[in-house]
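K.L.:
structure here, sequence nowhere to be found:
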């Protein structure tokens, strides 16, 4: 298989030979073994026995702490090196053959130059360690066009986490062999070789980190980090950065979106896809408990959505992941009981959370009552007056998705589900109303392309700064952002126009003039979804504004909800003064695209300015 090689010697005879008839895979494994020089090679079979053995070894190594089986059965807590706690955007590269193809949203380096650096870093990087070969598939194995990957890693923590997050192992390998399938090669090393007699540490990693994608080759290299999206290469690296390029070339969409099924009291079902930047309530919406009587919600996924047009020109979506890899703080019994019920069933790996004295885990927001004593994520004794968080702000739970009680049975369908509505949402104190329906598809893409959030304390840097995040994909578009918008525009031309999803912009975080939240959020957001569905059906009223269609106050179902009329007015307000500032911000943002900004988006901005001027 062309394109994987970096010109290394074949594997030494002493290393266990490949156990696959897939020639491309066997050659790549041999080549990587020759470069990285592992102690031995293990082909991951994905079995429960293998998982038990691996987690047992990780407990012995001090990487995992077993939890009280009565509280969290078959579950473990891991604690990373304090310098290895989050995605490293500054060390993430798209090494396209032409710099222009990476665009302004990505870091770029010449592929040949990058390969020389990577060859040096990976040379001998697995000495003294086991090299694990993980065949995996994104989405159902029986899909019409299954997307395969193989992650090679020297981290057993990664293997254990990948077993939760993807379909892995022997069944996947056999399917790859029978079809001689193309696969995305994803090479990962923690970058901490062990010399003879050297004692290992519980969380091996390197201070130097590289997360690199070669889009034309469809390959991924990750060095130095053992954490999350840096190391579980099926997640953001494959499912978004590489898949977005595959989607562009093959005519589909790889998006950072949840998928939610809603069923009305009349037993009619609708599917909603929604894109939100981090800390804007994506997982809460994916696992919504509707407060509107008679409405039922089921989830199909909380993070990744692959969408393609079906035989009748309808847009269909699948979630290619098998687990939830959620931010723990803020996920709690009072805010997201569906997530908590899934986590409580166990079979989970928690990373950088706090430990309770009875062998459980805790994080900020998990329960309304704060425990009197904990062991924090860095192993220190903690009490509520400690003046620091007990769990790291980016601590995670990694839980099988089939433990979610409200999981839709259509999650398992290889054909996916038809999407009726797409929501884009950010966190804004002002300007953006609670919900706005786009004028048409092109206007909806404009809404997505200018999506914005105010930065929160969870991210480094100033708080409250408006950051543009197109389709909530800013860190994940694997190619030029202007070309990405153009792909959205061009794809829809082949669709059944009558069945294109309606697009809405939402903002649960609008503030009142006195500074409080204008809308209660959480389960009450089902009222906004109900209005969106009624707009699709043509039964809900709206007022046309320069930005799109906004609900009339009496078109939202507020039965049983106490919201002051003045708060509702604040939530739905379109203020020309605020929008003057917003238009200037959008103009500044679009200027960054240069010549790659699609003409259609420039026209949308001009139209919006004209409507406000009128």
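P.N.:
Now that the structure is in, tell me what you want to look at. Quick caveat: nothing in here was measured; it's all calculated off a predicted structure. Numbering: from 1, shown residues only.
K.L.:
now for the helix or strand residue 161 falls within, which elements pack on it?
P.N.:
Residue 161 is part of helix 156-165, with elements assigned from DSSP states H and E. In terms of contacts (3 or more C-beta pairs under 8 Å, 6 or more residues apart in numbering; DSSP states H and E), helix 156-165 is packed against helix 48-60, strand 130-138, strand 147-153, helix 228-231, strand 323-327, strand 349-351, strand 396-400. In this view, the C-beta of every residue, glycine as well, is placed from N, C-alpha and C.
K.L.:
I'd like to know which of those lies nearest to residue 21.
P.N.:
Comparing the helices and strands packed on helix 156-165 by their distance to residue 21 (C-beta to C-beta), the top pick is strand 130-138, with 12.6 Å.
K.L.:
returning to that earlier point: of the helices and strands packed on helix 156-165, flag the one that's most buried.
P.N.:
strand 349-351 (a mean of 27; mean count of other C-beta atoms under 10 Å).
K.L.:
tell me which helix or strand comes right after that one.
P.N.:
Next element after strand 349-351 (DSSP H and E): strand 354-356.
K.L.:
so what strands line up beside the helix or strand just after that following strand?
P.N.:
Sequence order places strand 361-362 as the next helix or strand after strand 354-356, per DSSP H and E. If you go by DSSP bridges, strand 361-362 pairs up with strand 354-356 (antiparallel).
K.L.:
picking that back up, save the helices and strands packed on helix 156-165 as TSV, and put in mean pLDDT and distance to residue 425 too.
P.N.:
Formatted as TSV, these follow (pLDDT from 0 to 100; distance: least, C-beta to C-beta, whole Å):
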stretch	mean pLDDT	distance to residue 425
helix 48-60	98	36
strand 130-138	98	25
strand 147-153	98	27
helix 228-231	93	21
strand 323-327	94	16
strand 349-351	98	27
strand 396-400	97	22
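K.L.:
any idea which of those gets closest to residue 464?
P.N.:
Taking the helices and strands packed on helix 156-165 one by one with C-beta to C-beta, strand 323-327 is closest: 20.1 Å.
K.L.:
which elements pack onto that closest one?
P.N.:
Using 3+ C-beta pairs under 8 Å, 6+ apart, strand 323-327 sits against helix 156-165, helix 282-286, helix 337-344, strand 396-400.
K.L.:
among the ones you listed, where is the model least confident on average?
P.N.:
Among these, helix 282-286 carries the lowest mean pLDDT, a mean of 92.
K.L.:
how far off strand 323-327 does the helix or strand just after it point, in degrees?
P.N.:
Later in the chain than helix 282-286, the nearest helix or strand by DSSP H and E is strand 296-301. Orientation check (axes from the mean of the first three to the mean of the last three C-alpha atoms, to 10 degrees): strand 296-301 against strand 323-327 gives 90 degrees.
K.L.:
so what secondary structure elements neighbour whatever helix or strand comes next after strand 296-301?
P.N.:
Note on strand 296-301: by DSSP H and E, the next helix or strand toward the C-terminus is strand 305-309. If contacts are counted by 3+ C-beta pairs under 8 Å, 6+ apart, strand 305-309 sits against strand 253-255, strand 315-318.
K.L.:
averaged pLDDT, the first one. What do you get?
P.N.:
Read that as strand 253-255. For strand 253-255, the per-residue pLDDT averages 98.
K.L.:
just for the stretch 351-500 of the chain, where's the confidence low?
P.N.:
456-463 (pLDDT under 70).
K.L.:
what segments of it are helices?
P.N.:
Remark: helices assigned in the stretch 351-500 of the chain by DSSP state H, counting those that start in this stretch are 441-449, 481-492.
K.L.:
which among these is found nearest to residue 249?
P.N.:
Going by C-beta to C-beta, the one of these nearest residue 249 is helix 481-492, 9.7 Å.
K.L.:
what's the average pLDDT for the helix or strand following that closest one?
P.N.:
The helix or strand immediately downstream of helix 481-492 is strand 502-506, counting by DSSP H and E. Mean pLDDT, strand 502-506: 98.
K.L.:
can you list contacts of strand 502-506?
P.N.:
274, 420-425, 432, 434-438, 441, 443-445, 447-448, 451, 525, 528, 532, 535-536, 547-548 (C-beta atoms under 8 Å, 6 or more residues apart in numbering).
K.L.:
please identify the buried residues of the helix or strand harbouring residue 42?
P.N.:
Using DSSP H and E, residue 42 maps to strand 40-43. Buried residues in strand 40-43, counted by 16 or more other C-beta atoms under 10 Å: 41, 42, 43.
K.L.:
then stretch 448-458?
P.N.:
Quick answer for stretch 448-458 (16+ other C-beta under 10 Å): 448, 449, 450, 451, 452, 453, 454, 455.
K.L.:
the third one touches residue 468, doesn't it?
P.N.:
The one in question is residue 450. Yes. At 6.4 Å, residue 450 counts as touching residue 468 under the criterion of C-beta atoms under 8 Å.
K.L.:
show me whatever sits in contact with both of the two.
P.N.:
Joint contacts of residue 450 and residue 468 (C-beta under 8 Å, 6+ apart) are residue 589.
K.L.:
end-to-end on stretch 162-181?
P.N.:
One end of stretch 162-181 to the other measures 20 Å (C-alpha to C-alpha, to the nearest Å).
K.L.:
same question for stretch 428-440.
P.N.:
23 Å.
K.L.:
next one: the residue positioned nearest the centre of the chain relative to residue 275, how far apart?
P.N.:
Nearest to the geometric centre of the chain sits residue 303, at 4.2 Å (C-alpha atoms, centre = their mean). Counting by C-beta to C-beta, to the nearest Å, the gap from residue 303 to residue 275 is 10 Å.
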